[in-house]
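Peer 1: No letters, just coordinates:
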């Protein structure tokens, strides 16, 4: 998963530039769904499905994260702060697997239940990306064309 997460970022920039944020995030959400279903449906003796599942989940992260960075442009002079919040949220999202461990150990949830629930999160991301995300990245106006705030 970690190798897939790191290696897919280089070509992902090209995908994002060519296909746009909506298509990129939708593809990432589809990878979450497929990876989660693979992880939830593999047996204890399976060796290939977990590898493929983690690979898909590892690749899905950047496909969902990178399109979000454009939204920091909406915050004008505070875009670096917005970017810092986005990055922090993405880094904290790895805690989902710690939560999986707690739910498994303390509440007896199975791997299948956890990953099928996570596939539901991917489905939610798929629907929202398909319906709400822009086709083209948001770009802020150059400073010379922005209107200066005036009196109300």
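Peer 2: Arrived safely, thanks for sending. Every value quoted in this text rests on a predicted model; they were computed, and no experiment measured them. Residues are numbered from 1 along each chain as shown.
Peer 1: I'd like the distance from stretch 41-58 to the chain centre, please.
Peer 2: Stretch 41-58 sits 19 Å away from the centroid of its parent chain (C-alpha atoms, centre = their mean, to the nearest Å).
Peer 1: What residues of it count as buried?
Peer 2: Under the neighbour-count criterion of 16 or more other C-beta atoms under 10 Å, stretch 41-58 has 42, 50, 53, 54, 55, 56, 57, 58 buried. Placement of C-beta: from N, CA and C, glycine included.
Peer 1: close enough to count as contact, the fifth one and residue 35?
Peer 2: This means residue 55. Yes. In this structure, residue 55 is within contact of residue 35 by C-beta atoms under 8 Å, at 7.4 Å.
Peer 1: Contacts only, for the residue nearest the centre of the chain.
Peer 2: For the chain, the residue sitting closest to the mean C-alpha position, by C-alpha atoms, centre = their mean, is residue 64 at 2.7 Å. By C-beta atoms under 8 Å, 6 or more residues apart in numbering, the contact list for residue 64 reads 25, 28, 29, 32, 125.
Peer 1: contact partners of stretch 32-52?
Peer 2: Contact with stretch 32-52 is made by 53-58, 60, 64, 111-116, 118-119, 121-123, 125-126, as judged by C-beta under 8 Å, 6+ apart.
Peer 1: Try it again at 7 Å.
Peer 2: Stretch 32-52 is contacted by residues 53, 56-57, 60, 111-112, 115-116, 118-119, 121-123, 125-126 when judged by C-beta atoms under 7 Å, 6 or more residues apart in numbering.
Peer 1: And the buried ones among these, selectable in ChimeraX?
Peer 2: The ChimeraX selection below is limited to those of these classed as buried (16+ other C-beta under 10 Å):
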select :53,56,57,60,111,115,118,119,122,125,126
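Peer 1: Out of the contacts of stretch 32-52, which sit inside helices?
Peer 2: Among the contacts of stretch 32-52, the members falling in helices are 53, 56-57, 60, 111-112, 115-116, 118-119, 121-123, 125-126 (criterion: DSSP state H).
Peer 1: Pick the one among those residues closest to residue 9.
Peer 2: Nearest to residue 9 among these, counting by C-beta to C-beta, is residue 60 at 12.4 Å.
Peer 1: Since that was my last question, I'll sign off now.
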